[in-house]
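1. Could you look at this predicted model? Sequence included:
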Amino acid sequence: MKRYNYLLKLVSSQQNYYYKYNIMKVHFIAIGGSAMHNLAIALHKKGYIVTGSDDEIFESSRSNLEKYGILPDKIGWFPEKISSDIDAIILGMHARNENTELIRARELNLKIYSYPEYLYEQTKNKTRVVIGGSHGKTTITSMIMHVLNYHGKSFDYMVGAQVEGFETMVNLSEAAPVAIFEGDEYLSSPIDPRPKFHLYKPNIALLSGIAWDHMNVFPTFENYQEQFSQFIEKIEKGGELFYYKNDFVLNEIVNKSNSTIKKTAYDVHPFIKKKDKTFLVYNETEIPLEIFGDHNLQNINGAKLVCNKISISDDEFYEAISHFKGASKRLELLAENATSKIFRDFAHSPSKLKATVNAVKNQFDEKELIAIMELHTFSSLNAKFLNEYNGTMDLADIPVVYYNPEVIEHKKLHPIHIDQVKKSFNNPKLNVYTNQKELISYIEQVQLKNKILLFMSSGNFSGIDLIEFSKKLISR
């Protein structure tokens with residue numbers, strides 16, 4: 001009895017301590033996701049009491065959570081973890097409506113947030129910058145983060161890839177006056193079908209372009225476009241939208257908007273190319289870049305306008321951007337020798353695929369380009385969507401497509417056939433593989449001298465370690 005009373009006093013003492021010092025207790029349902037575990041770490045670093053659960057946690061989420069001491073002790077769902085003293089439940093997309101922890105949280109009438117809802121909650125008194133669009137949003141967000149970090153500015157952020165110079169993909173603080181968010185149009189949570197970027201209510205926004213994606217959620221292009229129209233209407237009064245002027249669909253949406261915010265169009269940044277190097281042209285000065293491609297020159301101009309808006313001068317921007325190497329898996333150089341280079345890119349949707357292929361071929365126009373892409377997402381493996389890939393790999397000297405029929409079965413889609421894929425890409429040079437071992441065998445037989453090899457996927461070609469594979473190929 002004495003021990004029981006002692007434990008009650010201990011628990012009561014802890015609760016009073018948390019209350020007195022305003023320490024928030026937050027529980028993550030589905031903590032193992034890429035975005036979720038980064039938010040969990042950000043809140044832990046902010047001093048919050050963070051717990052979580054999941055029925056599967058893969059690398060690198062597992063190691064990252066373990067490093068900060070917030071890896072769940074056991075895999076699975078445990079409703080007994082959910083108590084009335086939890087200030088917020090954050091619900092990940094991996095969870096389901098019938099999740100036992102979610103049911104318990106509802107019984108206790110706890111506040112339940114989606115990932116984007118909680119980001120807004122943390123930054124509602126700050127200047128919020130949201131970068132949206134079907135392509136380029138990760139890179140533009142990363143550029144802005146790099147420039148601010150280079151000049152020692154304090155800011156919160158959320159980005160969908162690892163960026164050099166940043167330990168995590170999310171950072172939240174009390175003092176930072178600005179928050180930079182990548183604005184994804186995908187759903188917020190299993191119980192909230194609103195697109196994530198609708199919840200951030202930006203003061204400053206950028207849209208890079210619109211090309212149909214996420215067919216499983218937005219079954220028609222018209223439905224997909226509507227999400228961007230709504231996003232514009234959610235920009236805060238007195239705010240500003242930057243948008244790419246040469247995207248016809250985006251321009252049509254902006255012109256139809258009744259919002260009274262300021263709307264500013266941008267174009268490709270002036271540049272010159274010397275051999276394999278790209279230089280920005282500014283005030284008759286040539287500024288060398290670590291990155292290349294028309295799409296990145298669009299991204300740079302958009303990022304500059306946003307940085308100007310948050311008190312970064314042109315000179316400061318150009319000094320910093322010349323050192324930007326790109327975000328992880330975005331035209332990332334995996335290996336090279338005197339005559340050849342191997343890149344990987346996250347490109348998977350038609351617009352991203354075409355932009356990446358064209359960028360690499362135009363940058364290294366004297367070399368032969370072998371472009372290998374994986375159909376991996378729900379949209380890309382859907383027979384009704386395949387025709388969107390028409391012409392996307394035309395600049396590749398040797399275009400290759402890979403897909404795994406088991407992934408199609410797992411996603412409960414109708415099977416697609418090699419002939420369908422070839423017809424959809426409308427490229428007589430196209431090679432299609434459905435067996436990983438045959439794909440690897442084909443790549444290993446290629447002589448890479450004076451060639452560029454480009455891997456493109458949101459997956460990993462059924463488990464290929466592209467970094468090690470590339471090192472092996474380049475060293476032959």
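-> The structure has been received and is ready for your questions.
2. use CA for all of it now, contacts and neighbours both
-> Will do.
3. measure Lys449 to Val407 for me?
-> 34 Å (Cα to Cα, to the nearest Å).
4. for Glu252, same thing?
-> Applying Cα to Cα to Glu252 and Val407 gives a distance of 37 Å.
5. out of the two, which sits in the busier spot?
-> Val407 (17 against 11; other Cα atoms under 10 Å).
6. if I pick Ala175, what's in contact with it?
-> Residues near Ala175 by Cα atoms under 8 Å, 6 or more residues apart in numbering: Ser154.
7. May I have the secondary structure class of it?
-> Following DSSP: H, G, I helix; E, B strand; the rest coil, the label given to Ala175 is coil.
8. do the one 4 residues further on as well
-> Of the three states, Ala179 takes strand according to three-state DSSP.
9. show me where the stretch 101-250 of the chain has strands.
-> Applying DSSP state E, counting those that start in this stretch to the stretch 101-250 of the chain gives strands spanning 112-114, 127-132, 156-158, 170-171, 178-182, 187-189, 192-195, 204-207, 240-244.
10. Do a quick rundown of the strands in the stretch 251-400 of the chain.
-> Under DSSP E, counting those that start in this stretch, the stretch 251-400 of the chain gives strands at 262-266, 271-274, 277-282, 285-288, 332-336, 341-345, 368-374, 398-402.
11. possible to save those as TSV with distance to Asn358 and mean neighbour count?
-> Listed next are the strands of the stretch 251-400 of the chain as TSV, based on distance: least, Cα to Cα, whole Å; neighbours: other Cα atoms under 10 Å:
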stretch	distance to Asn358	mean neighbour count
strand 262-266	21	15
strand 271-274	15	13
strand 277-282	15	17
strand 285-288	20	14
strand 332-336	15	19
strand 341-345	13	23
strand 368-374	10	24
strand 398-402	12	20
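12. for those, which one sits closest to Leu439?
-> Leu439 lies closest to strand 398-402 among the strands of the stretch 251-400 of the chain, at 7.6 Å (Cα to Cα).
13. thinking again about what came up before, pipe the strands of the stretch 251-400 of the chain into JSON lines and attach distance to Ser134 and mean pLDDT per row.
-> Formatted as JSON lines, the strands of the stretch 251-400 of the chain follow (distance: least, Cα to Cα, whole Å; pLDDT from 0 to 100):
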{"stretch": "strand 262-266", "distance to Ser134": "17", "mean pLDDT": "98"}
{"stretch": "strand 271-274", "distance to Ser134": "24", "mean pLDDT": "94"}
{"stretch": "strand 277-282", "distance to Ser134": "25", "mean pLDDT": "96"}
{"stretch": "strand 285-288", "distance to Ser134": "27", "mean pLDDT": "96"}
{"stretch": "strand 332-336", "distance to Ser134": "20", "mean pLDDT": "96"}
{"stretch": "strand 341-345", "distance to Ser134": "15", "mean pLDDT": "97"}
{"stretch": "strand 368-374", "distance to Ser134": "18", "mean pLDDT": "98"}
{"stretch": "strand 398-402", "distance to Ser134": "22", "mean pLDDT": "98"}
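14. how about those in TSV, adding distance to Ala175?
-> What follows is those, written out as TSV (distance: least, Cα to Cα, whole Å):
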stretch	distance to Ala175
strand 262-266	28
strand 271-274	38
strand 277-282	34
strand 285-288	34
strand 332-336	33
strand 341-345	35
strand 368-374	43
strand 398-402	47
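15. Looking at those strands, spot the one closest to Lys137.
-> Of all the strands of the stretch 251-400 of the chain, strand 341-345 comes closest under Cα to Cα, at 14.0 Å.
16. Show the contacting residues for Phe324.
-> Per Cα under 8 Å, 6+ apart, neighbours of Phe324: 143, 146, 289-291.
17. Select from the residues you listed the one having the most neighbours.
-> Met143 leads the contacts of Phe324 on contacts (other Cα under 10 Å) with 26 neighbours.
18. Leaving out the residues flanking it, which one is nearest to that one?
-> Leaving out its chain neighbours, the residue that sits closest to Met143 by Cα to Cα, 6 or more residues apart in numbering is Ala303, at 6.5 Å.
19. Tally up the residues packed near that neighbour, please.
-> Ala303 is flanked by 25 other residues according to other Cα under 10 Å.
20. how close does it sit to Ile272?
-> Distance from Ala303 to Ile272, by Cα to Cα: 19 Å.
21. and what of Lys437?
-> On the measure of Cα to Cα, Lys437 and Ile272 end up 42 Å apart.
22. contacting residues for the residue most central in space within the chain?
-> Against the mean C-alpha coordinate of the chain, by Cα atoms, centre = their mean, the closest residue is Gly160 at 3.0 Å. Neighbour list for Gly160: 35, 138, 169, 182 [criterion: Cα under 8 Å, 6+ apart].
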